[in-house]
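Peer 1: Got a sequence here, can you build the structure:
(chains A and B)
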Amino acid sequence: MDEEKINVNYVADLARLELTEDEVERFTGQLDDIIGYVRQLEQLDVTGIEAMAHAVPVYDIMREDNRRPGDGTESALLNTQDSSSNQFRVPRVVES
Amino acid sequence: MSDSAANLSILELQEDYRRGKRSPSEALHDLIESVEAKDGELGAYLSFDPETALKEAENSDVQLPLGGIPIAIKDLINVEGQPCSCASKFLESSYTSTYDATVISRLRKAGAIPLGRTNMDEFAMGSSTENSGIRSSLNPWDKSRIPGGSSGGSAICVANDTAIAALGSDTGGSIRQPASFCGCVGLKPTYGRVSRYGLVAFASSLDQIGPMTKTSRDAALLLSVISGSDPRDSTALSADVPDYENQLTGEVKGLRIGLPKEYFTDGINPDVRKCIDDAISHLENLGAEIVDVSLPHTEYAVATYYIIATAEASANLARFDGVRYGNRANQPDDIIDHYRRSRANGFGEEVKRRIILGTYVLSSGYNDAYYVRAQKARTLIRKDFDTAFEQADVLISPTAPTPAFRLGEKSSDPLQMYLADIFTIAANLSGICGASTPCGSVKTDEGTSLPVGLQVLGPHLAEGAVLRVTDAFEKTTEWHRRRPPTG
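Peer 2: Purely as a prediction, here's the structure:
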């Protein structure tokens, strides 16, 4: 694997996070240390080892597809700071 | 306040109720008085609203398993009508839970009363509670030190008699380590033993809710109530819930206790080491058989953990988009700007750092090298435990390599902070259960004395065996009865 530094601006963009210049500089140094540390996993021979997503086997559990009470509109909108006509309001996402 | 109900364990308070010595309302008044007198700068609670609890206390049925028992709740477990800020500015003062988490429904059904929201590292990301976005919390034994984390507030209030018992959550040691640093009992159940529905997710394959209590007997009682399958959490195990209290026989004769050799290295503070060695001798005197075991992949656990936990966190925290709840940017240019600024203004530094690390290890070109490799390492770490548990019924180690560290000591160096989780994180990666109980005390240069925790780890669903050991230890020692100095 290449040893290039983490591009914090690029990753922050993927994560939808605005960072200040200070943060970018600080995180770059700190994350380089952390990534340098976690790279020790490269020394581990994992040939033929299965990747484990959960500590215990997890299976799909099915239930009857019946109507049941859900979270109502009022409750769903209770914590938003901007709603209109019983809907969440966000900046325009289509071209005008 | 020597006769205050606040000083009691769950079992002692129940006994008082049943004998008619005090009522739930009287007990709550004692507790409120204790919080007002003692919590102040320690800051265990983010919010404390006794009104609803007092009303519930008037109608409580003390014949129920937890009838009239107030329980403090870590501020990332939803209780209908109460705040749930996760100690984040993103949710502070703007979020009210619209439903009860499954653990809360179960507590209520058993007659318990949720009272107070406890401080924590923001979104449970941290080991010191210094990452709380709302306020700092101090160690009740030495106010120049951290209480541990992330369930720091829950540990403080139980250890300091400003709660009877509390719930915490443990993703990499967040119940056990603060229990160790503050001097109370903390249990991380087996992954899936307790439903996560209503727990704000940090790392979904690692998170588990558990009890923080004054005794292991109380932990057994709470665990019996909150465990079990749940149609709302498909990872909650369907295995029967035993009566854990019945398993606390006080007897450890013939039990095989394993000492993982990789955990007993030079990295442990010598005073902590002495406490653990004494605890091991004590258990041997009680009839336990001590065996040496090996967990050969221990050195990879911290790296594996911080890849998997941050990857899962970056995905889980994508839901905080500022649309449906929480912080919202002013007059954004467009929807992307709205997301970027709502999140940037709401999240604290450690949360941002972990989201970035997690996004990086999952990003195109790096996913196989980091995330998939870490998942394979996780398999090897789990297999180490499978092998060790063929030779031993439970394993013992220090809960943390040091006692509580100083405020600010590690906060500027995240990697040093992560490395301090070495003894607790493997249990989360493997999904096994573990508890911490007070087993000693170390003197600092400043003359304060700090508690030390003994960690007992057990295989999947062996909470009964783990608590049997910690309970037997408590029945024959006094460490868990020690309380922080007042004032």
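Peer 1: okay, the residue of the stretch 351-487 of chain B found nearest chain A: pLDDT?
Peer 2: In the stretch 351-487 of chain B, no residue comes nearer to chain A than B:Gly431, which is 2.4 Å away by C-beta to the nearest C-beta. C-beta here means a position set from N, CA and C on the backbone, and glycine is covered the same way. In this model, B:Gly431 is scored at 97, pLDDT.
Peer 1: who's in contact with it?
Peer 2: A:54-56, B:190-192, B:382, B:460 (C-beta atoms under 8 Å, 6 or more residues apart in numbering or on different chains).
Peer 1: at 6 Å what do you get?
Peer 2: For B:Gly431, the contact set (C-beta atoms under 6 Å, 6 or more residues apart in numbering or on different chains) comprises A:55-56, B:191.
Peer 1: can you put the residues you listed in TSV and add distance to A:Tyr37?
Peer 2: Formatted as TSV, the contacts of B:Gly431 follow (distance: C-beta to C-beta, whole Å):
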residue	distance to A:Tyr37
A:Ala55	23
A:Val56	28
B:Tyr191	25
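Peer 1: Which residues of the stretch 251-400 of chain B lie near chain A?
Peer 2: Residues of the stretch 251-400 of chain B that fall close to chain A, judged by C-beta under 6 Å from any C-beta of the partner chain: B:300, B:303, B:307, B:323-325, B:328, B:332, B:334-335, B:338-341, B:343-344, B:352-353, B:355-357, B:359-360, B:369, B:372-373, B:375-379.
Peer 1: Buried only: go through those residues for me.
Peer 2: B:300, B:303, B:307, B:323, B:325, B:328, B:332, B:338-341, B:343-344, B:352-353, B:355-357, B:359-360, B:369, B:373, B:375-379 (16 or more other C-beta atoms under 10 Å in any protein chain shown).
Peer 1: From the residues you listed, which land in helices?
Peer 2: Judged by DSSP state H, helices contain the following of those: B:303, B:307, B:338-341, B:343-344, B:352-353, B:355-357, B:359-360, B:373, B:375-379.
Peer 1: show me where pLDDT drops low in chain A?
Peer 2: Across chain A, residues meeting the criterion (pLDDT under 70) sit at A:1-4.
Peer 1: And the strands in it?
Peer 2: With DSSP state E as the criterion, chain A has strands at A:83-84, A:87-88.
Peer 1: Quick one: neighbours of the residue lying closest to A:Arg89 once chain neighbours are set aside, just the number.
Peer 2: Distances taken as C-beta to C-beta, 6 or more residues apart in numbering or on different chains put A:Asp82 closest to A:Arg89, at 4.5 Å, once the chain neighbours are dropped. By the measure other C-beta atoms under 10 Å in any protein chain shown, the count of residues near A:Asp82 is 12.
Peer 1: what residues does the stretch 51-200 of chain B put near chain A?
Peer 2: Residues of the stretch 51-200 of chain B lying near chain A (C-beta under 6 Å from any C-beta): B:95, B:98, B:191-192.
Peer 1: tell me the contacts of the residue most central in space within chain B?
Peer 2: Centroid-nearest residue in chain B, with C-alpha atoms, centre = their mean: B:Ile175, separated by 1.7 Å. For B:Ile175, the contact set (C-beta under 6 Å, 6+ apart) comprises B:151, B:168, B:186, B:188, B:210.
Peer 1: So which of those belong to strands?
Peer 2: Within the contacts of B:Ile175, residues falling in strands by DSSP E are B:168, B:186, B:188, B:210.
Peer 1: Let me know the closest of the residues you listed to B:Val466.
Peer 2: The closest of these to B:Val466 turns out to be B:Lys188 (C-beta to C-beta; 9.5 Å).
Peer 1: Residue nearest the middle of chain A, spatially speaking?
Peer 2: Nearest residue to the geometric centre of chain A (C-alpha atoms, centre = their mean): A:Ala15, 6.9 Å.
Peer 1: That one is in contact with B:Ile355, isn't it?
Peer 2: Yes. Counting by C-beta atoms under 6 Å, B:Ile355 is a contact partner of A:Ala15 at 5.1 Å.
Peer 1: before we move on, the earlier item: which ones are touching the nearest residue to the residue nearest to the centre of chain A once chain neighbours are set aside?
Peer 2: In this structure, A:Ala15 finds its nearest non-sequential neighbour in B:Thr359, 4.3 Å apart by C-beta to C-beta, 6+ apart. Neighbour list for B:Thr359: A:11, A:14-15, B:314 [criterion: C-beta under 6 Å, 6+ apart].
Peer 1: Can I get those residues in CSV including distance to B:Asp292?
Peer 2: As requested, the contacts of B:Thr359 are exported to CSV (distance: C-beta to C-beta, whole Å):
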residue, distance to B:Asp292
A:Val11, 44
A:Leu14, 46
A:Ala15, 45
B:Ser314, 39
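Peer 1: Let me know the closest of the residues you listed to B:Val79.
Peer 2: In terms of C-beta to C-beta, no member of the contacts of B:Thr359 lies closer to B:Val79 than B:Ser314, at 27.0 Å.
Peer 1: isn't there a helix covering that closest one?
Peer 2: Yes. Assessed with DSSP: H, G, I helix; E, B strand; the rest coil, B:Ser314 lies in a helix.
Peer 1: how close does it sit to B:Tyr339?
Peer 2: 14 Å (C-beta to C-beta, to the nearest Å).
Peer 1: residues from chain A in reach of chain B?
Peer 2: Going by C-beta under 6 Å from any C-beta, the residues of chain A near chain B are A:1, A:6, A:11-12, A:14-18, A:27, A:30-31, A:33-34, A:37-38, A:40-41, A:44, A:46, A:49-52, A:54-56, A:58, A:61, A:75, A:78-81, A:88, A:90-91, A:93.
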